[in-house]
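# give me a model of this one.
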Amino acid sequence: MELLEKIDAIEKMLEVLGRPPEQLPNCETVFETVLCDKHGEYEQRKRVLTSSLIKLPSPPTRCPGCLREELTFLYAEKKRWEDRTRQQNIDRLLRQLEIPERFVSCTLDNYQPVGKESERALRVCQAYAAKWPERLKQGGGLVMCGKPGTGKNHLALAIARYVIENHQSPVIFTTALKIAREFKSTWSKTATRCENDVISHFTTPDLLIIDEVGVQFGSEAEKLIMFEIINTRYERMKPTILISNQTKEELAAFVSERVIDRMSDGGGCTLSFTWDSYRSKGAA
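Here you go, the predicted structure:
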């Protein structure tokens with residue numbers, strides 16, 4: 001990139017000017033005090049080739065003050081470009097996440113606990129998001145289960161927003177039923193995707209949030225689909241968040257104890273949302 005090349009060139013110029021000139025064969029370094037209209041006098045250098053009858057001078061060095069000012073400007077341009085690129089990436093990832101309208105404004109800051117249990121759930125989710133690079137290394141997931149209307153979706157999607165805005169991590173939010181449908185669609189003779197394509201889609205992003213786990217009929221095929229995706233993500237150290245209105249015991253019976261155990265590996269845990277619904281107060 002031209003901007004980075006300019007920064008690199010000026011940094012090298014300033015580095016060279018900050019130390020005595022290197023002695024090169026058949027070259028002479030000529031020093032001259034010259035005046036910069038902006039920064040006053042400075043020592044200008046130029047090399048003269050002395051191996052022939054005609055001396056060929058190199059371009060003279062520029063004013064160090066001017067070089068530093070230009071470098072400061074280029075650094076600011078680089079930051080503006082990085083900030084713009086970062087925001088464009090965040091906007092793209094948020095669009096791809098397709099947050100349901102009800103949860104668009106959900107953040108970890110505007111979740112309102114209603115008691116000690118919900119306060120603990122918020123602290124766990126805040127810590128989970130704050131340690132996201134560690135979660136990515138260890139693959140720890142979260143299980144959010146319990147009563148409807150207690151804030152599970154709010155917290156899960158707030159985590160999603162946090163990791164996108166702070167780490168530009170790709171996130172998919174879906175339901176267990178949608179996963180089952182996509183998987184089953186590959187069994188059709190006219191299907192354009194195979195089972196591996198579906199598995200790849202759900203195992204590629206840094207974070208996968210699966211809502212409504214346990215709502216589907218619970219056939220052996222659906223359980224195998226769910227296990228295949230969660231297990232593949234587990235093996236690839238990719239965090240997963242499961243959301244269910246069932247109790248921990250009911251959920252374990254559906255997805256198996258082995259899945260719940262694997263979700264807790266790598267620093268993950270299970271949160272039980274046992275308090276009464278407060279949807280009427282704005283939570284979900």
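# whatever helix or strand A158 lives in: what's the following helix or strand?
In this assignment (DSSP states H and E), A158 forms part of helix 152-167. Sequence order places strand 171-175 as the next helix or strand after helix 152-167, per DSSP H and E.
# please parse this structure into its domains.
According to automatic domain parsing, the chain comprises the domains 2-78, 100-279.
# of those, which is nearest D91?
Of all the domains of the chain, domain 100-279 sits nearest to D91, with 9.5 Å by C-beta to C-beta. (C-beta placed from N, C-alpha, C; glycine too.)
# give me the pLDDT value at L177.
pLDDT, L177: 88.
# wait, it touches E212, no?
Yes. L177 is in contact with E212 according to C-beta atoms under 8 Å; the separation is 6.3 Å.
# what ranges do the strands span in the protein?
27-36, 40-49, 56-57, 142-146, 171-175, 207-211, 240-244, 269-273 (DSSP state E).
# below-threshold pLDDT in the stretch 151-284 of the chain: ranges please.
Applying pLDDT under 70 to the stretch 151-284 of the chain picks out residues 215-218, 278-284.
# can we see that at 90?
176-177, 180-181, 183-192, 194-196, 213-228, 230-231, 234-235, 246-270, 274-284 (pLDDT under 90).
# mind checking how far C194 is from R62?
Distance, C194 to R62, using C-beta to C-beta, to the nearest Å: 61 Å.
# of these two, who's got more company?
Using other C-beta atoms under 10 Å as the criterion, C194 and R62 rank with R62 on top: 16 against 11.
# next up, the contacts around that one.
Contacts here follow C-beta atoms under 8 Å, 6 or more residues apart in numbering; on that basis R62 touches M13.
# apply 10 Å and report the result again.
Neighbouring residues of R62 by C-beta atoms under 10 Å, 6 or more residues apart in numbering: I10, M13, L14, L17, C36, Y42, Q44, E70.
# quick revisit: what angle do the helix holding A158 and strand 269-273 make?
Helix 152-167 runs at 140 degrees relative to strand 269-273, counting by axes from the mean of the first three to the mean of the last three C-alpha atoms, to 10 degrees.
# buried stuff in helix 152-167?
152-164 (16 or more other C-beta atoms under 10 Å).
# next: stretch 257-264.
For stretch 257-264, by 16+ other C-beta under 10 Å, it's V259, I260, R262, M263.
# just those: which are in helices?
Applying DSSP state H to those, the entries found in helices are V259, I260, R262, M263.
# which one is the second one nearest to, not counting chain neighbours?
Distance criterion C-beta to C-beta, 6 or more residues apart in numbering; nearest residue to I260, sequence neighbours excluded, is A252 at 5.0 Å.
# again, but for the first one
The shortest distance from V259 to any non-neighbouring residue, by C-beta to C-beta, 6+ apart, is to I230 (5.4 Å).
# please give me every residue in contact with that neighbour.
Contacts of I230 were listed using C-beta under 10 Å, 6+ apart, and they are 141, 202-203, 208, 210, 213, 238, 240, 242, 255-256, 258-260, 262-263.
# nearest to R95, of these?
L208 (17.4 Å).
# contacts only, for the closest one.
If you count contacts by C-beta under 10 Å, 6+ apart, then L208 has 141, 160, 170-174, 179, 201-202, 229-230, 233, 238-242 around it.
# for it, give its distance to E249.
Look at L208 and E249: by C-beta to C-beta, they are 23 Å apart.
# R86 is nearest to which of the domains of the chain?
The nearest among those, by C-beta to C-beta, is domain 100-279 at 6.8 Å.
# how many neighbours does N89 have?
Neighbour count for N89, taken as other C-beta under 10 Å: 13.
# what's across from G146 in the sheet?
On the basis of DSSP bridges, G146 is bridged to F273.
# that one against E249, yeah?
No. The criterion here is C-beta atoms under 10 Å, and G146 misses it with E249 at 11.2 Å.
# of those two, who's got more company?
Using other C-beta under 10 Å as the criterion, G146 and E249 rank with G146 on top: 21 against 10.
# show me the contacts for the more buried one.
By C-beta under 10 Å, 6+ apart, G146 lies in contact with 117, 121, 152, 243-248, 251, 270-275.
# who wins on neighbours among the residues you listed?
Most neighbours among those, by other C-beta under 10 Å: K152, with 27 neighbours.
# nearest spatial neighbour of it, skipping sequence neighbours?
Nearest residue to K152, sequence neighbours excluded (C-beta to C-beta, 6+ apart): M144, at 4.2 Å.
# so what's that neighbour up against?
Residues in contact with M144 (C-beta under 10 Å, 6+ apart) are 121, 124-125, 150-153, 155-156, 209, 211, 213, 241-245, 251, 269-273.
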